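> Curious how this folds, go ahead:
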Amino acid sequence: PDHSVLRRYYTVDYSPVPNWTGHILLAAAMNVVPPAVAEKLLVAIIALGIPLALRYALLAVAPEAGALALLVFPFVYGFPLHMGFYNFCIGVMLTFVAIGYALRRGGRLEPRHVVVLALLLLCMYFSHIVAWFMTIVALFGIVKWQAIVEWFTERPEHFASWVLQRVRGVVPLLIATLPSLALVFWYLTSPASAPAHEWPFPKFSDRFDDLIHFHSISVFHLADDVFSTSLAALFLLIAVSTVVTRVQRRTRWEATDAWGLFTMVLFLVFLFVPEGMAGGYYLSSRIQLYACLFALLWFATQPVPELARITLRITAIGIAVGLLVLRWPAYHAIDAQITEYESAGDVIAPNATLLPIPFSQRAYTPPGKVLADNISFFLHTAGYIAAKRGLVTLDNYEANTAYFPVHFRSRLNPYLTIGTEVDGDFPPHAMFSDYTEQTGGRIDYVLIWRVFSSQRNKPDGRYIFDQLVGRYNVVAVSKPWGFARVYQRKQ
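This is a model prediction of the structure:
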């Protein structure tokens, strides 16, 4: 009864779409702790889980290379985590748990191992389909590459029996894959995977720039670029020196070279893949992250001099600490503004609807200097207020898609009448004054965030305030900077 507005606007889709894992973990945690604490716990699991999972995989590849896991820290606190892609980050963690688990079995999967691997792949699918796909490519790719290397180095005499033996070896892995593969096939053939619009292929120059600056790390753009570019240069230096050393020593191809091959292929895919596909977005940053982490597995198996390994670890720690020191003042400033944003919600009654309209999605200092170029910190900040007070936020983009478990009821879906958010710091073309007449729903409150004078005078900005006049009253102005204004609908 206390949350009837949620039932009126939302419906739960119990079909096996991806992106369930993060919702289940957060929902479970929110039964014990407040929503903000639940999110922090989930972020902590990701921040600790990815390095530990990578170390688990590294030790399976090369027992002496566990320290290379230090290199993952700059990537953990990168673009995906700051964007709130928690399901994807959980999938990354599960990827390296699955790879480590499979490699430790040495290609001999017994029935209990098949069951464990099947469960890991199912959890991965319910976390993020990109993570599932990367894991499948890695697991089957390493098996295939091992067979190719064995054929060219050992030249088996009895080809038919050798092929049969290889096929028998891959059958347990195939069986472990079948349950999640069936779900992937269902998803890709369902309306849930239909793209919202066609994504153009990227400009090569833009993607190449993202590559040399390791865009998957960059959050604060110019400030981060010094460190992310240094890390990219370090990766390139190690890769080139490794290849040169192997050529000089005339080292034969080995099974572990598959990780280098995966890395190269993923970087090539990164340069040309559209930003969206099969309903998902931000593909390039996800692919680049996997390419970098697979590169670490390759480095672990190569004849890199010990001095270079030590240099690599020290540099990784330096970059991780440097990014933290560099970002800390911005984090502090952004956290203060998020606190101000949340405080504006104290006047909003529970069991209501809220339309947040952030004129400025990026974070700025109070005087107006940009704090973070690459992340829209204030695009969906109203979610904190909604979770605390039991509200429906009409900017809930997940509820407007078919690949998350909670959907807007079609008749009340605000994206069909009000419009969609825009990417950038300019006012959206929001048409909300006739929402009630069109849908039978209501907009109890409107929250306006951080309006610059230049934005207010634009046509879309003026149109938003024109719709508020005569229909809504200002009931709260946030402190200390007055960046948030809450408008309540007149009775």
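> CA only for contacts and neighbour counts going forward, please
Noted.
> quick one: low-confidence ranges for the protein?
Regions of the chain meeting the criterion pLDDT under 70 cover residues 1-2, 147, 149-159, 162, 165, 193-200, 221-223, 278-280, 304-305, 422-424.
> Report the central residue of it.
For the chain, the residue whose C-alpha lies nearest the mean C-alpha position (CA atoms, centre = their mean) is Phe85; its distance is 3.1 Å.
> roughly how far apart are that residue and Ser127?
Taken as CA to CA, to the nearest Å, the spacing of Phe85 relative to Ser127 amounts to 10 Å.
> overlap in contacts of the two?
None of the residues lies in contact with both Phe85 and Ser127 under the rule CA atoms under 8 Å, 6 or more residues apart in numbering.
> can you give me the strands for the protein?
Along the chain, the stretches classed as strands by DSSP state E are 10-12, 353-358, 392-393, 406-408, 445-449, 472-477, 484-489.
> Of those strands, which is nearest Cys292?
Closest approach to Cys292 among these is made by strand 406-408 (32.9 Å; CA to CA).
> Identify the residues contacting that closest one?
Outside of strand 406-408, the residues within contact range by CA under 8 Å, 6+ apart are Tyr9, Tyr10, Thr11, Val12, Asp13, Glu398, Ala399, Asn400, Thr401.
> Can I have the buried ones of those as a ChimeraX selection?
Selecting in ChimeraX just the buried members of the contacts of strand 406-408, where the criterion is 16 or more other CA atoms under 10 Å, is done with this command:
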select :9,10,399,400,401
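> Check the strands of the chain for me and report the most buried one.
Most buried of the strands of the chain by mean neighbour count (mean count of other CA atoms under 10 Å) is strand 392-393; its value is a mean of 26.
> and that one, what does it pack onto?
Counting contacts by 3 or more CA pairs under 8 Å, 6 or more residues apart in numbering; DSSP states H and E, strand 392-393 packs against helix 4-9, strand 353-358, helix 382-389.
> Pull up the pairing partners for it, direction included.
Strand pairing for strand 392-393, determined by DSSP bridges: strand 353-358 (parallel).
> Which helix runs longest in this protein?
Of all the elements of type helix in the chain, the one with the most residues (DSSP state H) is helix 306-343.
> Between strand 484-489 and that helix, find me the angle.
Calculated by axes from the mean of the first three to the mean of the last three CA atoms, to 10 degrees, helix 306-343 forms an angle of 40 degrees with strand 484-489.
> Strand 445-449 and helix 306-343, what's the angle between them?
Here helix 306-343 runs at 130 degrees with respect to strand 445-449, directions being taken by the same axes, to 10 degrees.
> Please enumerate residues in contact with stretch 327-342?
220, 363-365, 371-372, 378, 381-382, 384-385, 449, 478-480, 483-484.
> make that stretch 409-428, sorry
Counting contacts by CA under 8 Å, 6+ apart, the residues touching stretch 409-428 from outside are 8-11, 357-362, 394-395, 400, 429-432, 435, 438-441, 455, 460-461.
> Only whichever of those are buried, select them in PyMOL.
When burial is assessed using 16+ other CA under 10 Å, the buried subset of those is captured in PyMOL by this command:
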select buried, resi 9+10+357+358+359+360+361+362+394+395+400+429+430+432+435+441+455+460+461
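> Tell me which of the contacts of stretch 409-428 fall in helices.
Judged by DSSP H, the subset of the contacts of stretch 409-428 located in helices is Arg8, Tyr9, Tyr435, Gln438, Thr439, Gln455, Asp460, Gly461.
> where along the stretch 201-350 of the chain do the helices fall?
Secondary structure of the stretch 201-350 of the chain (DSSP state H, counting those that start in this stretch): helices located at 204-212, 222-249, 258-272, 283-300, 306-343.
> right, so of those helices, which gets closest to Phe465?
Proximity of the helices of the stretch 201-350 of the chain to Phe465 was assessed by CA to CA; the nearest stretch is helix 306-343, lying at 19.3 Å.
> tell me which residues of the closest one are tucked away?
Neighbour counts using 16+ other CA under 10 Å place 309, 312-313, 315-317, 319-320, 322-323, 327, 330, 334, 337-338, 340-343 of helix 306-343 among the buried residues.
> Taking helix 283-300 as reference, get the angle to that helix.
Computed by the same axes, to 10 degrees, the angle between helix 306-343 and helix 283-300 is 150 degrees.
> Centre of the chain to helix 306-343, how far?
Taking the mean C-alpha point of helix 306-343 and that of its whole chain, the gap between them comes to 18 Å (CA atoms, centre = their mean, to the nearest Å).
> Use 886 as the first number for this chain going forward.
Happy to do that; since the first residue is 886 now, the last one works out to helix 1191-1228.
> got the angle for that helix vs helix 1107-1134?
Here helix 1191-1228 points in a direction 160 degrees away from that of helix 1107-1134 (the same axes, to 10 degrees).
> Report the angle between helix 1191-1228 and strand 1357-1362.
Relative orientation of helix 1191-1228 with respect to strand 1357-1362: 120 degrees, computed using the same axes, to 10 degrees.
> now helix 1191-1228 and helix 1267-1274, what's the angle there?
Counting by the same axes, to 10 degrees, helix 1191-1228 lies at 60 degrees to helix 1267-1274.
> if we can go back for a sec, so which of the contacts of strand 1291-1293 is the closest to Pro965?
In terms of CA to CA, no member of the contacts of strand 1291-1293 lies closer to Pro965 than Glu1283, at 16.3 Å.
> Would you mind measuring from the closest one to Gly1268?
Applying CA to CA to Glu1283 and Gly1268 gives a distance of 11 Å.
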